[in-house]
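Engineer: Next come a sequence and a model predicted from it.
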Amino acid sequence: MSSASPPATKKSVYEGSTQFKNWRYSPEKLAHVRSTLNQAAVAVIKRTFEAYEPGSSANVLFLTADEEHLLVKHYIATITQLCSLFRFPEEVEATAISYFKRFYLKNTVMDWHPKNVMLTTLFLATKTTNNPISLETYTTHIKSTTASDVLDLEFLVAQSLGFEFSVWHAHRALWGVWLDFQSLPDTAADWPQAHRDAYETALGYVRASRLTDVEFIFTPSQIALAAVSLTLPEESYKWLKSKYPSYNAVETTVNKIKTIIQSLSRPPDVESVREVDRRLRLCKNPEKIVGSKAYLARKAEQEKKAEEKRNRKAVEAGEDDPFGFELGRSTIVDDDDDDDDDDN
Amino acid sequence: MDAVERANVERQKRWVKDQKVGEGTYAVVYRGREASTGRKVAIKKIKVGQFKDGLDMSAVREVKYLRELKHQNVIELLDVFSSKTNLNLVLEFLDSDLEMIIKDRSLVFLPADIKSWMAMTFRGLEFCHRNFVLHRDLKPNNLLIASDGQLKIADFGLARDFADPGYKMTCQVITRWYRPPELLFGCRYYGTAVDIWSVGCIFAELMLRTPYLAGESDMDQLKTIFRALGTPTEQDWPGHTKLPDYITVGQFPKTPLRDLFTAASPDALNLLSKCLIYEPRRRISAKDALHHQYFFAQPHPSYPSKLPKCATQLATAQPLEEVDANVDMESTVAGGKGGPIKARPKRKLNSPYDDSKSRSIARRLDFTQPIPGS
């Protein structure tokens, strides 16, 4: 609760995290990121359309940032369904959803369809949270999914996340707040038992909050407190007062979160999703559709580049000793194995 | 090209790979530098394409934790980028490790030197624990030493975070000689105390100049521990006989640490004994260890820059074939699949360079030598 606590003399552990440093936005900034990303994507795809078939982009209705977001939101709900199918721990689900949402702050659905990205983020999350399952088990339990559907995008996802795999979750904070409630003066011994339902309800609000942007705007503990105060307003108030002398500021923040959770945490209606998805089929980046003209052209170009690089290397290496560079010579020779040269 | 790919290419351009210095099943290690400043780095290239489950777990762990942990006594992950099907970790360049230093018979350790290494180890570890990270593979060759003498905890390939009590964890972690008895008894619920035991073993090793509890098998490890510290009683360690893999390995009497560690100060022995308490809950924490009398008593810890350094660290020239030959990956996990990736692989002993110093132990590669002609 950085907004209300007295100036900290020492940085909290949370403040040292990559989440705090790189994944926090103001609502305005968030909207800006999405619209800029969307505009740039549309421009690129339009150019690609035109390059392969002049005039072909004229009648295409590209997705807006809001429509992209609608689709993302729909697939967040799908991640939840998959997680209950596999009975993954809360940690996996929450992490996968965070990865998924973060991915679409760096990429557009018109390049990468959320259906695939969702599979990859979930699989990656099982590994990063130390709940790994084999790829085979994973794919056999999801209808018509192959290993490459999951792994092809793994690198791109990891890159998009900046390889920052560690995520701080509101459901953990909720548990902390819950334990702390029990240490308030005059708390009955059977308080946890008597309020078990309330905890579940609060957890439900935290889960619902994953469909919204609150994790990009607020801290996990602020979200947790909002969830509890939607459930047990009086106790929350009491706890807040005992904890923070300047609780008014926290209350304002918490109220903002409550409003968002209450108004924006429902999955989008299926009809509108279907409509957007139908249009997405027409405005997808052709370079990313396997088998399309543009895709093949791009592949061919990459192949050519790789070939050139291999030849160049062969020439460089072939000049002297087949066992490598000799002493006394500049050694800026890329001695990678040739199956994994580092071209772009 | 996508924005994400572009960013990756930019990152890749920041770093120059110079020379391959080691290769193992999972990774190739290069010496490298930052293109703009010439700063030396180590680049660990993990071959991802060959894993059927995609990104490998130990790579994932290492990246996950090192991305978050920034501390003077934890190795710094400077950057991560991918090249085709490889993952590249750009790590702070470090000359040597504590194992090399311990084994270098030409070096004499003062009590103040040992205190300094211990202080740095506990500082780094306290930071990890404060961030809810268990290292689970502490041993002298995972404590790397920078050219300015700073000690850095490295190799987070077995690390995990601990949050929930009651969450089962694997007991197949920590290299055997540094593994605490609760793990040898198959304990699946444990905490920061497992790392403290390892630090205790390292502390003892710094004083003895040889591994303190060097068991030959998991069973023998328990025996070795009990021979050194006495077989625990129910009073020493309530409930230990109920642990999943509990076995009796014989009754050994407790011998005072003083009998073996003849030159150690009473404070040093007191801290050591607190790291090696059988009951994990009573074992000292990293934070309490930092406040232990040992660190406040005379002599004060040596300045890192004044600490003993390996002879190889100071040497100026080395034949090139040394870096090309016989690089061997070291597997640290008993029974673990594959074992973690070592940033700096071990090399089998074979060069006259080593023989001339009559060493009979495997040594690390030395990365400090300038590339001839570069």
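Structural biologist: Good, I have the coordinates.
Engineer: Show the contacting residues for B:Leu138.
Structural biologist: B:Thr121, B:Leu125, B:Ile153, B:Ile174, B:Tyr178, B:Asp195, B:Ser198, B:Val199, B:Ile202 (CB atoms under 8 Å, 6 or more residues apart in numbering or on different chains). In short, each C-beta sits where N, CA and C put it, glycine included.
Engineer: Of these, which one scores lowest on pLDDT?
Structural biologist: Across the contacts of B:Leu138, no position has a lower pLDDT than B:Ile174, which has 93.
Engineer: Can you give me the neighbour number for that residue?
Structural biologist: B:Ile174: 26 surrounding residues under other CB atoms under 10 Å in any protein chain shown.
Engineer: Not counting residues beside it along the chain, what's closest to B:Asn142?
Structural biologist: B:Asp155 (4.5 Å; CB to CB, 6 or more residues apart in numbering or on different chains).
Engineer: How much space separates A:Leu296 from B:Asp56?
Structural biologist: Distance, A:Leu296 to B:Asp56, by CB to CB, to the nearest Å: 32 Å.
Engineer: right, and B:Lys70 touches A:Gly16 too?
Structural biologist: Yes - with contact defined as CB atoms under 8 Å, B:Lys70 reaches A:Gly16; the gap is 7.0 Å.
Engineer: what about B:Ile112, which helix or strand?
Structural biologist: I think there's a mix-up here, since residue B:112 is Ala and not Ile. For B:Ala112, the element it lies in under DSSP states H and E is helix B:111-130.
Engineer: anything in that helix near chain A?
Structural biologist: Yes - with CB under 8 Å from any CB of the partner chain as the measure, helix B:111-130 is seen reaching chain A through B:Arg130.
Engineer: Counting by contacts, list what the following helix or strand past that helix packs against.
Structural biologist: Per DSSP H and E, the first helix or strand lying C-terminal to helix B:111-130 is strand B:133-134. Packing partners of strand B:133-134 (3 or more CB pairs under 8 Å, 6 or more residues apart in numbering or on different chains; DSSP states H and E): strand B:160-161.
Engineer: Kindly recompute the last result at 10 Å.
Structural biologist: Using 3 or more CB pairs under 10 Å, 6 or more residues apart in numbering or on different chains; DSSP states H and E, the elements in contact with strand B:133-134 are helix B:57-68, helix B:111-130, strand B:160-161, helix B:193-208.
Engineer: on that earlier part again, counting neighbours around each, name which of B:Lys70 and A:Gly16 comes out higher.
Structural biologist: Ranked by neighbour count (other CB under 10 Å), B:Lys70 and A:Gly16 place A:Gly16 first, with 17 against 13.
Engineer: what's the burial count for residue 223?
Structural biologist: Using chain A. 29.
Engineer: switch to chain B, that's the one I care about
Structural biologist: Residues near B:Lys223, counting by other CB under 10 Å, number 16.
Engineer: and A:Gly204, which of the helices and strands packed on strand B:133-134 is closest to it?
Structural biologist: For A:Gly204, the closest of the helices and strands packed on strand B:133-134 is strand B:160-161, at 25.3 Å, according to CB to CB.
Engineer: CA-only coordinates of the first helix or strand past that closest one going along the chain, as PDB, when you get a sec.
Structural biologist: Per DSSP H and E, strand B:160-161 leads on to helix B:181-184 as the next helix or strand towards the C-terminus. Extracted C-alpha coordinates of helix B:181-184, given in PDB (Å, rounded to 0.1, in the frame of the first residue of the first chain):
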ATOM      1  CA  PRO B 181      20.000 -34.400   7.700                       C
ATOM      2  CA  GLU B 182      16.300 -33.600   7.400                       C
ATOM      3  CA  LEU B 183      16.600 -33.900   3.600                       C
ATOM      4  CA  LEU B 184      18.500 -37.100   3.900                       C
END
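Engineer: is any part of helix B:181-184 close to chain A?
Structural biologist: No - judged by CB under 10 Å from any CB of the partner chain, helix B:181-184 makes no contact with chain A; its nearest approach is 17.0 Å.
Engineer: Please compute how far that helix lies from its chain's middle.
Structural biologist: The chain centre lies 19 Å from the centre of helix B:181-184; the measure is CA atoms, centre = their mean, to the nearest Å.
Engineer: what packs against the helix holding B:Ala112?
Structural biologist: Applying 3+ CB pairs under 10 Å, 6+ apart, one finds that helix B:111-130 contacts helix B:98-103, strand B:133-134, strand B:143-145, strand B:151-153, helix B:193-208, helix B:266-275, helix B:286-290.
Engineer: Can you point out the buried residues in the first one?
Structural biologist: It stands for helix B:98-103. B:Leu98, B:Glu99, B:Met100, B:Ile101, B:Ile102, B:Lys103 (16 or more other CB atoms under 10 Å in any protein chain shown).
Engineer: Out of those, flag the one nearest to A:Ser166.
Structural biologist: Nearest to A:Ser166 among the buried residues of helix B:98-103, with distances taken as CB to CB, is B:Leu98, at 27.4 Å.
Engineer: Number of residues surrounding B:Ser36?
Structural biologist: 10.
Engineer: Number of residues surrounding the closest residue to it other than its chain neighbours?
Structural biologist: Spatial nearest neighbour of B:Ser36, excluding adjacent residues (CB to CB, 6+ apart): B:Arg14 at 7.1 Å. Counted with other CB under 10 Å, the neighbours of B:Arg14 add up to 15.
Engineer: Same question for the one 4 residues further on.
Structural biologist: When counting by other CB under 10 Å, one arrives at 20 neighbours for B:Asp18.
Engineer: same check, this time on A:Gln182
Structural biologist: For A:Gln182, the neighbour count with other CB under 10 Å is 12.
Engineer: Now the residue nearest the centre of chain A: which helix or strand?
Structural biologist: The centre of chain A sits closest to A:Tyr99, judged by CA atoms, centre = their mean, with a distance of 2.3 Å. Secondary structure from DSSP H and E places A:Tyr99 in helix A:90-103.
Engineer: Can I get the helix or strand following that helix as CSV, trimmed to CA atoms?
Structural biologist: Where DSSP H and E defines the elements, the next helix or strand beyond helix A:90-103 is helix A:114-128. Extracted in CSV, the C-alpha atoms of helix A:114-128 (Å, rounded to 0.1, in the frame of the first residue of the first chain):
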residue,chain,number,x,y,z
PRO,A,114,-5.1,-15.3,-28.2
LYS,A,115,-6.1,-18.9,-28.6
ASN,A,116,-2.5,-20.0,-29.2
VAL,A,117,-0.9,-17.5,-26.9
MET,A,118,-3.2,-18.6,-24.1
LEU,A,119,-1.9,-22.2,-24.5
THR,A,120,1.7,-21.1,-24.4
THR,A,121,1.3,-18.7,-21.4
LEU,A,122,-0.4,-21.4,-19.4
PHE,A,123,2.2,-24.0,-20.1
LEU,A,124,5.0,-21.5,-19.3
ALA,A,125,3.3,-20.6,-16.1
THR,A,126,3.3,-24.3,-14.9
LYS,A,127,7.0,-24.2,-15.3
THR,A,128,7.8,-20.9,-13.8
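Engineer: tell me what helix A:114-128 is packed against?
Structural biologist: By 3+ CB pairs under 10 Å, 6+ apart, helix A:114-128 packs against helix A:65-86, helix A:90-103, helix A:135-141, helix A:147-151, helix A:154-160, helix A:270-283, helix B:57-68.
Engineer: secondary structure element for B:Ala42?
Structural biologist: Here B:Ala42, judged by DSSP H and E, is contained in strand B:40-47.
Engineer: neighbours of the closest residue to B:Lys64 other than its chain neighbours, just the number please.
Structural biologist: Nearest residue to B:Lys64 in three dimensions, chain neighbours excluded: A:Phe165, at 4.0 Å (CB to CB, 6+ apart). Residues contacting A:Phe165 under the criterion other CB under 10 Å number 24.
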